[in-house]
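Novice: dropping the sequence and predicted coords here.
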Amino acid sequence: MTAKQRNQLIRIITALILLIVLHFLDLDRLVMFPLYLIPYLIVGGDILKKAWKGIVNRQPLDENLLMAVATLGAMALAVFRTGDYTEAVAVMLFYQIGEFFQSYAVGRSRRNIGELMDVRPDYANVEGPDGVQRVDPDEVEIGSLILVQPGEKVPIDGVIEEGQSSLDTSALTGESVPRSAGPGDEVLSGCINTSGVLRIRTTCEFEESTASKILDLVENASSRKARSERFISRFARVYTPVVVFSALALAVIPPLIQLAVSGQAAWGDWVYRALTFLVISCPCALVISVPLSFFSGIGGASRQGILIKGANFLETLAGVSTVVMDKTGTLTKGVFAVTRVETADDSEKGMTGEELLAMAAAAEKHSSHPIAAALRNAAQNTDETYPVSDVEEIAGHGIRARVEEHIVCVGNRKLMAEQGALADGAGTDSPAGIKGGPAASEKATAAGAETVVHVAVDGRYAGSIHIADQLKDTSAEAVEEMRKSGIRRLVMLTGDGRASAEAVAAQLGIDQVYAELLPGDKVARVEELMGAGSQGNEGAGSQGNEGAGNQGNEDAGGAVRNGLAFVGDGINDAPVLSRADVGIAMGALGSDAAIEAADVVLMDDDPRKIAVSVRIARKCMRIVKENIWFAIGIKVLCLVLCALGLVGMWAAIFADVGVMVLAVLNAMRALSRR
Amino acid sequence: MKKTYKIDVDCANCANKMEVAANKTEGVKEAVVNFMTLKMKVEFDEDANPEEVMEQVRKNCKKVESDCEVFL
């Protein structure tokens, strides 16, 4: 509780006690007035002051003025007619209690969410010439040696120089199983060292560290406002003046009509109703509950290792009905291993499998593609090494290089066709057709999730190398969970061969596959799918996709329906990530490019998190809608009842304060796991 | 140029009003107030002097909501 809150609470209690005491005093109406003025001023003095300032600054239509007018009006009614001073004081009192609750609840939730995302390290132990010193992480330079004791947070990214330990990465990834780390391993800031002492050589500054970046991202996330949030602020701007003028009308028009009809008017009644109107008119419940819901949704997601970069993305994510996934690194581990080598020519004069492998590996020496890494790994076991030059990468096809005196091409079928190596391979003496060139060879592997890399030497087909990428253990479950979460269409995109892609899709139960795509094709496919999605479901009413970004079909709550999410590992699909309605980057811990390009970042590489994030988003949006309709509904109901004279100021106070407290509590549900 | 400032304000609607006021201030290209994190993110016009602009932003915010603070 802050000093301000404590002060407020003391004033509330004092006024409450005075009010009770005065209730039992039985004096003349005019004598009671100054007595009731004491608790009124104690509890509402600041409101009156603020209301006055509002008028002076020509910003009159705020809640302070509304409260001031309503309560002063009630006071006036009491002095001249009823003698019921309690109401004016009680209304002010309840208003303040509501304000107190609000400020307390918001403060609480702010702190709760803050704690959740508590990856910020407070200090770093730097080892210098004169021993270990505890300093601010900001002051640690790159290449410093820092000491992390068991139980402490790793303050800055770095590499372990000495020490063995297991690291708790749950604050970063939501993964509860600790990861063991030893000398030479990279460690990320924000992890908690659970067992041994670690000496870490820092590799970046604090600001560039993982923990800082994540914090920055999450804190900025709620600044990107969702459509429903903008709707609410616009609504609030219109709502208040409308209600105030209605109140004015209510105070004047009905009694004038009465006067005209029967020559007599119940001014007091109508003024009282108008004042009640004013109390209901404060839009705070609405205005607080929506951003708070988003904030807790984003906070709850980040606890599970899902970073959502803005409330707008949470909104779009909730409306996703199509998920397009990149195969490699998303559904599969993205770690390839050579399973088989087939040479086109078995005879003495032909190449051996080892030679083939070594040549291919040499050609791929400088490539960062995972297949290249697999080839190099496999080739380590062979004795052959070749000098390599003139390496030329042909995007989406493969690689061409001069190895020794030969031109070696390594890549897919398209590359072989381009090199004219298709026909050459077919003429060999293979009865089974397995060695009959790329086409036949690929067919033979259609059953397994294999990728075939073809090799041509000097324009002749030399053989194929079979590489398998294993499915992630959780992929099948992830697909099932996405279905359960209401994803209607699952699409897989890959640059790999059709056969292997279809095998994977069939195994997982994916609806649509696009294989053999160049990086540029992926954007085109995603655009195609986005177009199809909105037309198919909205018909003529579709206004979606009229420009870049997150346009789509909106419903009343402002959510985009039938959106498309693209999931990739962020390595070479940045353009697709930014083109899709929502780009989800996976396994992004430590990969800046992916964090930059994506809208949603999954810190670990578990595909089940896709469904989890959709579910969190849906729940959050449901809460947002509940809050919007609940708050507006109750207010409108109270306004109507009040205009009819069925409810008094007490109900008005509930409409204002009660709704707000309930909305805040409801918003906090977005924070919980399920 | 973008800068982030800490703010203090009690209610969400007041934060909204601050946002509107900040956006109306000369030299401010766009201002976003985040009530949950109590931060104001201001993007300045090219040739604006952030310090002078922020003084004005603070004044304008005080006008619409006397009980607020922008920490410069």
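Specialist: Nice, I can see it.
Novice: right, and the helix or strand after the longest helix along chain B?
Specialist: In chain B, ranked by residue count with DSSP state H as the criterion, the top helix is helix B:50-64. Downstream of helix B:50-64, the first helix or strand assigned by DSSP states H and E is strand B:69-71.
Novice: partner strands of that next one, parallel or antiparallel?
Specialist: Under the criterion DSSP bridges, strand B:69-71 sits next to strand B:2-8 (antiparallel) in its sheet.
Novice: the helix or strand that the strand it pairs with is followed by versus strand B:2-8: what angle between them?
Specialist: Note on strand B:2-8: by DSSP H and E, the next helix or strand toward the C-terminus is helix B:12-24. Helix B:12-24 and strand B:2-8 are oriented at 140 degrees to each other (axes from the mean of the first three to the mean of the last three CA atoms, to 10 degrees).
Novice: is helix B:12-24 positioned near chain A?
Specialist: Yes - using CB under 8 Å from any CB of the partner chain, helix B:12-24 reaches chain A at B:A12, B:N13, B:N16, B:K17, B:E19, B:V20. (Glycine included, C-beta is placed from N, CA and C.)
Novice: those residues: which two are farthest apart?
Specialist: Spatial extent of the residues of helix B:12-24 next to chain A (CB to CB) is set by the pair B:A12 and B:V20 at 13.2 Å.
Novice: compare those two (neighbour count), which wins?
Specialist: B:A12 (28 against 15; other CB atoms under 10 Å in any protein chain shown).
Novice: confidence score at the more buried one?
Specialist: We note a pLDDT of 74 for B:A12 in this prediction.
Novice: list the contacts for it?
Specialist: B:A12 is in contact with A:V106, A:C284, A:V287, A:I288, A:P291, A:L292, B:F35, counting by CB atoms under 8 Å, 6 or more residues apart in numbering or on different chains.
Novice: now, which of those residues lie within helices?
Specialist: Those of the contacts of B:A12 lying in helices (DSSP H): A:V106, A:C284, A:V287, A:I288, A:P291, A:L292.
Novice: picking that back up, okay if I get the contacts of B:A12 as a markdown table plus distance to A:D473 and pLDDT?
Specialist: A markdown table is the format used below for those (distance: CB to CB, whole Å; pLDDT from 0 to 100):
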| residue | distance to A:D473 | pLDDT |
| --- | --- | --- |
| A:V106 | 42 | 76 |
| A:C284 | 49 | 70 |
| A:V287 | 46 | 76 |
| A:I288 | 43 | 76 |
| A:P291 | 38 | 80 |
| A:L292 | 38 | 81 |
| B:F35 | 42 | 80 |
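Novice: picking that back up, need the residues of helix B:12-24 next to chain A in TSV with distance to A:Y36, can you?
Specialist: What follows is these, written out as TSV (distance: CB to CB, whole Å):
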residue	distance to A:Y36
B:A12	32
B:N13	29
B:N16	34
B:K17	32
B:E19	38
B:V20	37
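Novice: what does chain A put close to chain B?
Specialist: A:46, A:49-50, A:53-54, A:57, A:59, A:62-63, A:99, A:102-103, A:106, A:110, A:113, A:219-220, A:222-223, A:225, A:233, A:236-237, A:282-284, A:287-288, A:291-292, A:295.
Novice: could you flag which of these are buried?
Specialist: Neighbour counting with 16 or more other CB atoms under 10 Å in any protein chain shown marks A:46, A:50, A:53-54, A:59, A:62-63, A:99, A:102-103, A:106, A:110, A:113, A:219-220, A:222-223, A:225, A:233, A:236-237, A:282-284, A:287-288, A:291-292, A:295 as buried within the residues of chain A next to chain B.
Novice: just how off-centre is the strand or helix carrying A:M621 within its chain?
Specialist: A:M621 is part of helix A:608-643, with elements assigned from DSSP H and E. From the chain centre to the centre of helix A:608-643 is a distance of 19 Å (CA atoms, centre = their mean, to the nearest Å).
Novice: over to stretch A:147-158?
Specialist: 27 Å.
Novice: what's the answer for stretch A:386-400, then?
Specialist: Stretch A:386-400 sits 39 Å away from the centroid of its parent chain (CA atoms, centre = their mean).
Novice: quick one: end-to-end distance for it.
Specialist: 15 Å (CA to CA, to the nearest Å).
Novice: in the host helix or strand of A:L77, what's buried?
Specialist: Under the criterion of DSSP H and E, A:L77 resides in helix A:63-77. Neighbour counts over helix A:63-77 (16+ other CB under 10 Å) mark A:63-75, A:77 as buried.
Novice: roughly how far apart are the closest residue to A:A337 other than its chain neighbours and chain B?
Specialist: Once flanking residues are discounted, A:A337 sits nearest to A:A374: 5.6 Å by CB to CB, 6 or more residues apart in numbering or on different chains. Here the criterion is CB to the nearest CB, to the nearest Å. By it, A:A374 lies 44 Å from chain B.
Novice: for A:A374, which residues are in contact?
Specialist: Contacts for A:A374 (CB under 8 Å, 6+ apart) come out as A:V335, A:F336, A:A337, A:V338, A:I467.
Novice: how about A:A360?
Specialist: Taking CB under 8 Å, 6+ apart as the contact definition, A:A360 lies against A:L375, A:A379, A:V408, A:V410, A:V453, A:V455, A:I465.
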